[in-house]
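J.: model this:
(chains A, B and C)
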Amino acid sequence: MPRQGVQVSAGELAERFGLLLRGDSARLISGVGTLATAAAGELSFLANPKYRSQLAATRAGLVVVRERDADGYAGDVLIAPDPYVAFARIAALFEPATVQAAGIHPSAVVHPDAHVDPGAAIGPHATIGAGSRIEAGAVVGPGCMVGEDCVVGTDSVLVARVTLVCRVTLGRRVRVHPGAVLGADGFGLALARDEGEPHWIKVPQLGGVRVGDDCEIGANTTIDRGALEDTVLEHDVRLDNQIQIAHNVHVGAHTAMAGCVAVAGSTRIGRYCMIGGAAGIAGHLEICDRVVVTAMTLVTHSIREPGEYSSGTPLMDSRSWRRNAVRFKQLDALARRVGPPPKDTE
Amino acid sequence: MPRQGVQVSAGELAERFGLLLRGDSARLISGVGTLATAAAGELSFLANPKYRSQLAATRAGLVVVRERDADGYAGDVLIAPDPYVAFARIAALFEPATVQAAGIHPSAVVHPDAHVDPGAAIGPHATIGAGSRIEAGAVVGPGCMVGEDCVVGTDSVLVARVTLVCRVTLGRRVRVHPGAVLGADGFGLALARDEGEPHWIKVPQLGGVRVGDDCEIGANTTIDRGALEDTVLEHDVRLDNQIQIAHNVHVGAHTAMAGCVAVAGSTRIGRYCMIGGAAGIAGHLEICDRVVVTAMTLVTHSIREPGEYSSGTPLMDSRSWRRNAVRFKQLDALARRVGPPPKDTE
Amino acid sequence: MPRQGVQVSAGELAERFGLLLRGDSARLISGVGTLATAAAGELSFLANPKYRSQLAATRAGLVVVRERDADGYAGDVLIAPDPYVAFARIAALFEPATVQAAGIHPSAVVHPDAHVDPGAAIGPHATIGAGSRIEAGAVVGPGCMVGEDCVVGTDSVLVARVTLVCRVTLGRRVRVHPGAVLGADGFGLALARDEGEPHWIKVPQLGGVRVGDDCEIGANTTIDRGALEDTVLEHDVRLDNQIQIAHNVHVGAHTAMAGCVAVAGSTRIGRYCMIGGAAGIAGHLEICDRVVVTAMTLVTHSIREPGEYSSGTPLMDSRSWRRNAVRFKQLDALARRVGPPPKDTE
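T.: Numbering: from 1, shown residues only, chains lettered A, B, ... in the order given. Coordinates of the predicted model:
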């Protein structure tokens, strides 16, 4: 579904994105597709060598490739050092644009003590609380709830049905997807034993949430506000859907997390980390820069060395799994029967 | 809580659902319950042999049973080859019906370029975007957000606070529960190293989501739209709550997933699969038809054979667990000390 | 961010909370902070012995401590048997108060057959369905959807964008965070094999959800309604974000669950249990009182003894993990090679 009517010549693409064109510079491109599905008027790309065999057969009119992949291919190409990055930038031209006119929809409810920049767009059924500020170019989509003392920075977008509970500050160009909840109470409890049966006392959550420029926050992701200090995402942090970030977590710049990751309270994660889907990170840990955690791994201690970390067991048919799993319950006894390693071998 | 005033005779139930009645055909049934709690005017059922002992003691006026279970029981029975299926059909008679009158609630905001069938119901505070179509008999409940270029098919129901971001097409009789988000941006990122410090570039997500007839999508479940092609659920796919389906996933007909499952991008799952709660399925895999995955299993490679698959370790008291778990870290060394298997034994 | 203008003297705090003051009773306290960050006009606390070294260096004007920690410290202290509980109670004084004036916002849609107490507050864009009752002091925040036959008890708060689908009863002082969905259909399916290709039949979910006094339910948490009976949370149950409670689960009083826990259908959990983050509990189990489950553990059988339980494997660098994990697949064969334990040793 290309943006209605967008057509760009191959020559213009080469110039605009600083790429080398080998082929017809007048060829018009009106959309993008995979090597397998792109049509003659469309652009495709080859980044993963696994798909090299599809290059010969593609009907795409123009393909972004590395120089070395261009050699054996007769069709028109744009040559890029990183074809995926180049493709991502070009594809944005063909993205259907949702125009959000600036202004406040008549059904929105804006507190008199809130400030909405005339260049911001507030959608239907949105609410903006006291002391909050919506900057120029920002979009608060339909059904969003911005509570008290929040900031939605310049050109940031709350797509729809996003909640910023209170004391949430978003930088510039932040994108928050539907159903995300930022700034809800952190989960702080103290067990009172001095009145009747022991029961939970709620610990007030007096901090906020600070999100840096260019962050993206996925659908139904939750980021609680801090207890005494703030929960912090530095700039360019990328969170997929259904991630849970507990109070007082600090996430370093450029770190990306796949869907369903859970990070417990007060943990500090470094820059350029990549956290695999549904991984869990316990509370009060320090994870250094450039750590990769594989999917569904549980991180139970701090990590001081960059590198890749895992836990869990491999996939098996359930019959084999059960046979092995029962032995896990006796693993210590088994190791004792085998005895300690001979000296100097480990 | 039976539907107010619904009363059906045992004879009518037998006729209507094609079951054999043994007992008083004039007996009036006005509700349903478990064997342990149903009253004399209520219907119950016995499907799981584990509960056979409860049959003798039940006060239910009528019980749906298999033929072999009817033999030892003196009370009134409806005999069915599959009592659970028969019970499910009968129980629907007693479900409280929420009447949703057709028409558009005055607080709803419908784009002039959207098409709402006169037989559809649009609830309070709903929004319908440009190019979207709501078919006859469909219900868009309170607070739902339907973005641009979506279709809600005939007799489909968005219960409340559902978001269809854009390019989402639902077939007929689809049911989507509150908080679900369909059609949010897939999580596509490319790391740009050519300008300043390496940073993420968003890869435009130009595809949509297609959901077949009779699918059900649980509360707070998220299904992202595809990058270049669509994310697809074939017909009769049943998703529980808080499931994450990444971009370009394809789920075959009649597959069911329990709560909190996560499926990573571009994975293709077959028909009649059953995915246990909180299981994870990595990206770019192929899972064939009739695969069962047990709860919290991580699927890391394609599965070509129907059957049941697992990963993980068994539950233990934490002291025993720690003793065994530490040995897991030395398992390779242990196996080396034991040495390879004698020939022909494995 | 202390509540604007709140200032309390140390003497007043001591008296009000029944604590022993050692220091200047006229000292004014206007906020709270950690030992590391609190200023001279602020209160801090020392509960975890790990932070004892920070006590000497703190600039906090007043610190809540245990008696034994007060001895070596020259600054002003409030002495409490449980400093964390005392601090939690005091900190509540400094929490910014969001005033929710009683009354129904003009944009809210209240069914004529609903009952809203004049002392309740119904926020913008909320909807209240037929047969529902909102008690005195209750708050239904912006964008909340209360369906049919629900009760929001006295002084309970639905913060914003909460959905109570139908037949949900909340006790007094219950707090539900944004995006939570209570009372959605339980995931009940029966596979019909008697008409065309086998397909799923929905089993009607005729029960409700009952939530006791003083419960807290986190952001984007889901609690399905029961099939025939109700899903039940007893009083003072504390659920963090993104938890999934399936139909007919019963959770005992004072049990707390960390984020992303999933509990499958009909399981019964005792009182004073603590369930770690992202743990899974299979269906139809019984967990006794005072059970602790560590993070990401899968509970697959009933637990009859109080204590702590775990599953999973420890965190390793991925290279070591892979070497050990592959051995897990051969663990049974390895154990056979080692042979059974000598008699009487296990």
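J.: A:L62 and A:L170, how far apart?
T.: A:L62 sits 37 Å away from A:L170, going by CB to CB, to the nearest Å. Using the backbone N, CA and C atoms, a C-beta is placed for each residue, glycine as well.
J.: To clarify, my last question referred to A:R59.
T.: To A:L170, A:R59 is 43 Å away according to CB to CB.
J.: Tell me which of those two has more neighbours.
T.: Taking other CB atoms under 10 Å in any protein chain shown, A:R59 and A:L170 do not tie; A:L170 has more neighbours (30 against 15).
J.: Next up, the contacts around the spatially most central residue of chain A.
T.: Nearest to the mean C-alpha position of chain A, by CA atoms, centre = their mean, lies A:L239 at 2.4 Å. Counting by CB atoms under 8 Å, 6 or more residues apart in numbering or on different chains, A:L239 touches A:215-218, A:221, A:233, A:245, A:256-257, A:261.
J.: Take these and keep only those in strands.
T.: A:216-217, A:233, A:245, A:256-257 (DSSP state E).
J.: Which of those has the largest number of neighbours?
T.: Result: A:I245 is most packed of the ones in strands among the contacts of A:L239 (other CB under 10 Å), 31 neighbours.
J.: what's the neighbour count on the nearest residue to that one once chain neighbours are set aside?
T.: Nearest residue to A:I245, sequence neighbours excluded (CB to CB, 6 or more residues apart in numbering or on different chains): A:I223, at 4.3 Å. A:I223 is flanked by 31 other residues according to other CB under 10 Å.
J.: what's the pLDDT at A:T300?
T.: pLDDT, A:T300: 97.
J.: my bad, A:A97
T.: 75.
J.: Secondary structure class of it, three-state.
T.: Put simply, A:A97 is coil when judged by DSSP: H, G, I helix; E, B strand; the rest coil.
J.: how much space between it and A:V140?
T.: Distance from A:A97 to A:V140, by CB to CB: 18 Å.
J.: Just give me the neighbour total for A:A97.
T.: For A:A97, using other CB under 10 Å, the count is 9.
J.: got the contact list for the nearest residue to A:S266 once chain neighbours are set aside?
T.: Spatial nearest neighbour of A:S266, excluding adjacent residues (CB to CB, 6+ apart): A:N248 at 4.4 Å. Listed by CB under 8 Å, 6+ apart, the contact set of A:N248 reads A:186, A:207, A:226-231, A:265-266.
J.: With A:D185 instead?
T.: A:165, A:202, A:205, A:224-225, C:175, C:177.
J.: any chance of these in a markdown table, with secondary structure too?
T.: Output for these, formatted as a markdown table (three-state DSSP):
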| residue | secondary structure |
| --- | --- |
| A:V165 | strand |
| A:K202 | strand |
| A:Q205 | coil |
| A:D224 | strand |
| A:R225 | coil |
| C:R175 | strand |
| C:H177 | coil |
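J.: closest to chain B among the residues you listed?
T.: Nearest to chain B out of the contacts of A:D185 is C:H177 (CB to the nearest CB; 12.4 Å).
J.: Around chain C, which positions in the stretch 51-200 of chain A sit nearby?
T.: Within reach of chain C by CB under 8 Å from any CB of the partner chain, the stretch 51-200 of chain A has these residues: A:107, A:109, A:125, A:127, A:143, A:145, A:147-149, A:161, A:163, A:165-167, A:179, A:181, A:184-185, A:187-194, A:197-200.
J.: so where's the stretch 1-150 of chain A uncertain?
T.: For the stretch 1-150 of chain A, the stretches with pLDDT under 70 are A:1-4.
J.: Can you name the residues of it that neighbour chain B?
T.: A:1-2, A:32-34, A:37, A:81-82, A:84-85, A:87-89, A:91-92, A:94-96, A:98, A:105, A:107, A:123-125, A:141-143.
J.: Sitting in helices, which of the residues you listed do you find?
T.: A:84-85, A:87-89, A:91 (DSSP state H).
J.: By neighbours, which of the contacts of A:N248 wins?
T.: Neighbour counts for these peak at A:T231, which has 30 neighbours (criterion: other CB under 10 Å).
J.: what residues does stretch A:22-37 touch?
T.: So stretch A:22-37 is contacted by A:2, A:6-11, A:13-14, A:38-39, A:41-46, A:51, A:54-55, A:57-58, A:60-63, A:70, A:75-77, A:79, A:87, A:90-91, A:94, B:206, B:228-229 (CB under 8 Å, 6+ apart).
J.: Can you tell me which of those are buried?
T.: If you count burial by 16 or more other CB atoms under 10 Å in any protein chain shown, the buried members of those come out as A:2, A:8-10, A:13-14, A:38, A:41-46, A:55, A:58, A:60-63, A:70, A:75-77, A:79, A:87, A:90-91, A:94, B:206, B:228-229.
J.: related to what we said a few turns ago, for the helix or strand containing the residue nearest to A:I245, packing partners?
T.: Assigned by DSSP states H and E, A:I223 falls within strand A:222-224. On a contact count with 3 or more CB pairs under 8 Å, 6 or more residues apart in numbering or on different chains; DSSP states H and E, strand A:222-224 meets strand A:181-184, strand A:209-211, strand A:231-233, strand A:244-245.
J.: Run through who's touching it.
T.: A:180-187, A:205, A:209, A:211, A:217, A:231, A:233, A:243-247, C:179, C:218-220, C:241-242, C:259.
J.: Show the residue spans covered by the helices in chain A.
T.: Under DSSP H, chain A gives helices at A:10-17, A:52-57, A:67-70, A:83-91, A:318-328, A:331-338.
J.: Name the stretch among those helices that sits most buried.
T.: helix A:83-91 (a mean of 23; mean count of other CB atoms under 10 Å in any protein chain shown).
J.: Pull the contacting residues for the residue nearest to A:G277 when sequence neighbours are not counted.
T.: Distance criterion CB to CB, 6+ apart; nearest residue to A:G277, sequence neighbours excluded, is A:A258 at 3.9 Å. Going by CB under 8 Å, 6+ apart, A:A258 touches A:240, A:275-279, A:295, B:187, B:264.
J.: So which of those belong to strands?
T.: A:I275.
J.: For the contacts of A:A258, work out which two are farthest apart.
T.: In those, two members sit farther apart than any others by CB to CB. They are A:A279 and B:F187, at 14.6 Å.
J.: okay, now the domains of chain A?
T.: Residue ranges for the domains of chain A, per automatic domain parsing: A:8-94, A:103-309.
J.: Can you get me a residue count around A:G18?
T.: Neighbours around A:G18, by other CB under 10 Å: 10.
J.: For beta bridges, what are the partners of the nearest residue to A:M274 once chain neighbours are set aside?
T.: Leaving aside its sequence neighbours, A:M274 sits nearest to A:V292 (CB to CB, 6+ apart; 4.8 Å). Beta-bridge pairing of A:V292 under DSSP bridges involves A:M274, A:E308.
J.: Just list the residues touching A:V292, thanks.
T.: A:273-274, A:276, A:307-309, C:318.
J.: Tell me the spacing between it and A:A256.
T.: Counting by CB to CB - A:V292 and A:A256 are separated by 10 Å.
J.: same thing with A:T221?
T.: 13 Å.
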